[in-house]
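**Student:** no sequence for this one, just the structure:
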């Protein structure tokens, strides 16, 4: 995942029309924190598994809270990606997308298949 995020960072920097806006991108911090948040999420799940195995209802509730917090951290990371994409995409120097525009077929291999 870190490789993909690093690729996204390079792509956003390369296509950002106003290079001064680079300082507004969240992705620089995100790459540093994402792996930590993934590990915290995994650990929270392992903790939950153990508390369920021991049928410890109070510990289960605490473990669920840790899962929720870890998931929120991951959710915030993805929100940062959304914010960065919006920042780049809403730059005033982009041409307007025509109403009837369709992505050319040469890009079909890169689209998610339904």
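**Tutor:** Good, I have the coordinates. As the structure is a computational prediction, the values presented were derived from the model and not from experiment.
**Student:** State which helix of the chain is the longest.
**Tutor:** Using DSSP state H, we find that the single longest helix of the chain is helix 57-89.
**Student:** and that one, what does it pack onto?
**Tutor:** Packing contacts for helix 57-89, counted by 3 or more C-beta pairs under 8 Å, 6 or more residues apart in numbering; DSSP states H and E, involve helix 2-15, helix 27-53. For glycine as for every other residue, the C-beta is placed from the backbone atoms N, C-alpha and C.
**Student:** again, only this time at 6 Å
**Tutor:** Secondary-structure packing of helix 57-89 (3 or more C-beta pairs under 6 Å, 6 or more residues apart in numbering; DSSP states H and E): helix 27-53.
**Student:** For the helix it packs on, give the mean pLDDT please.
**Tutor:** The pLDDT scores in helix 27-53 average 93.
**Student:** Helix 2-15 and that helix, what's the angle between them?
**Tutor:** 150 degrees (axes from the mean of the first three to the mean of the last three C-alpha atoms, to 10 degrees).
**Student:** same for helix 27-53, what does it pack against?
**Tutor:** Packing contacts for helix 27-53, counted by 3+ C-beta pairs under 6 Å, 6+ apart, involve helix 2-15, helix 57-89.
**Student:** Could you tell me the angle between that helix and helix 57-89?
**Tutor:** With the same axes, to 10 degrees applied, the angle from helix 27-53 to helix 57-89 works out at 160 degrees.
**Student:** Helix 27-53: which residues count as buried?
**Tutor:** Residues 27, 30-31, 34, 37-38, 40-41, 44, 47-48, 51 are the ones in helix 27-53 that count as buried (16 or more other C-beta atoms under 10 Å).
**Student:** Mind putting these into JSON lines with distance to residue 6?
**Tutor:** Compiled in JSON lines, the buried residues of helix 27-53 are given as follows (distance: C-beta to C-beta, whole Å):
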{"residue": "27", "distance to residue 6": "9"}
{"residue": "30", "distance to residue 6": "10"}
{"residue": "31", "distance to residue 6": "6"}
{"residue": "34", "distance to residue 6": "10"}
{"residue": "37", "distance to residue 6": "16"}
{"residue": "38", "distance to residue 6": "15"}
{"residue": "40", "distance to residue 6": "20"}
{"residue": "41", "distance to residue 6": "20"}
{"residue": "44", "distance to residue 6": "25"}
{"residue": "47", "distance to residue 6": "30"}
{"residue": "48", "distance to residue 6": "31"}
{"residue": "51", "distance to residue 6": "36"}
